[in-house]
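>>> got a structure for you, letters missing:
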Ligand code: ADP
């Protein structure tokens, strides 16, 4: 059997705040296979963001192991983490995080600039990613000339333009109305059907329903739901 895309063993994270230790993660074990769509739920303060930051190679745990595509992330230097992140992970956020005075096309090109891809190829790949998101006619628009759903689709195009093996979506429908929520979830479901692995953090049961499986974080631990 192929190794899982994400493999986490006894992951722990402690924050020290004003001399007080806060155990944000108290021993997380989880595995996500390539092609899965997993939702992570849990009350505020349960450790979701901490787990997300570690999954996204934005932060490291204090102990335990995290393997991403078989590579041991534990003990990597910040530079190694950044390289792994750029290569393997696409991020989508609640607030879209698009550059405001920059066209949709240039927004999608941004990660390719960091990856050192030449101008012509950047342009081509960004155009293809936007067309895939149904935004071929909106490439020259600025974020404020786009609807919330369109902005989030630009953000998804930007996350996917580097061909990551994992899409991490942090409350991707937290800022939009119900109709737009359906639109964004429809896009994520379609991408997952095409084989993309997705980990989605959400507060909303309705949103989690579109995933194949839901994990719940409570007080720094995972409890699997049937
Ligand atoms: P969630 O995303 O589920 O709301 P978090 O991962 O943000 O939960 O937080 C888990 C726990 O860790 C909380 O008790 C929170 O107050 C604490 N925490 C999070 N980040 C920090 C930090 N940088 N410094 C100190 N405590 C933190």
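Ah, there it is. Model, not experiment: these values are computed from the prediction.

>>> would you point out which residue is most central in this protein?
For the chain, the residue nearest the mean C-alpha position is residue 168 (1.4 Å; Cα atoms, centre = their mean).

>>> hey, what's that one bridged with?
Residue 168 forms beta bridges with residue 91, residue 199, as assigned by DSSP bridges.

>>> please verify my assumption that it contacts residue 55.
Yes - Residue 168 is within contact range of residue 55, at 6.2 Å (criterion: Cβ atoms under 8 Å). (Glycine included, C-beta is placed from N, CA and C.)

>>> shared neighbours of the two, anything?
Common neighbours of residue 168 and residue 55, using Cβ atoms under 8 Å, 6 or more residues apart in numbering, are residue 199.

>>> so residue 139 is in which element?
Under DSSP states H and E, no helix or strand contains residue 139.

>>> sorry, that was for residue 217
Going by DSSP H and E, residue 217 is in strand 213-218.

>>> avg pLDDT for that strand?
Mean pLDDT, computed over strand 213-218, is 96.

>>> contacts for that strand?
By Cβ under 8 Å, 6+ apart, strand 213-218 touches 28, 30, 36-43, 46-48, 51, 208, 222-225.

>>> what is whatever helix or strand residue 191 lives in packed up against?
Per DSSP H and E, residue 191 falls inside helix 178-193. Helix 178-193 sits against strand 37-41, helix 148-160, strand 166-170, strand 197-201, helix 205-208, with contacts defined as 3 or more Cβ pairs under 8 Å, 6 or more residues apart in numbering; DSSP states H and E.

>>> spell out which parts of this protein neighbour the ligand.
Residues of the chain that fall close to the ligand, judged by Cβ under 6 Å from any ligand atom: 15, 17, 22, 24, 42, 44-50.

>>> in strands, which of these appear?
Counted as lying in strands by DSSP state E, out of these, are 15, 17, 22, 24.

>>> roughly how far apart are the second one and residue 151?
Between residue 17 and residue 151 the distance, using Cβ to Cβ, to the nearest Å, works out to 34 Å.

>>> what about the two, which has more around it?
Higher neighbour count among residue 17 and residue 151: residue 151, with 25 against 7, using other Cβ atoms under 10 Å.

>>> any idea how far the more buried one is from the ligand?
Residue 151 is 23 Å from the ligand, where distance means Cβ to the nearest ligand atom, to the nearest Å.

>>> leaving out sequence neighbours, find the closest residue to that residue.
residue 96 (4.7 Å; Cβ to Cβ, 6 or more residues apart in numbering).

>>> quick one, what contacts the one you found?
Counting by Cβ under 8 Å, 6+ apart, residue 96 makes contact with 143, 148, 151-152, 154-155, 175.

>>> would you mind checking those residues for buried ones?
Listed as buried from the contacts of residue 96 are 143, 148, 151-152, 154-155; burial here means 16 or more other Cβ atoms under 10 Å.

>>> from the residues you listed, which single one is nearest residue 131?
Lowest distance from residue 131 to these (Cβ to Cβ) belongs to residue 154, with 12.1 Å.

>>> with adjacent residues omitted, what lies nearest to the closest one?
residue 104 (4.7 Å).

>>> no further questions, thank you.
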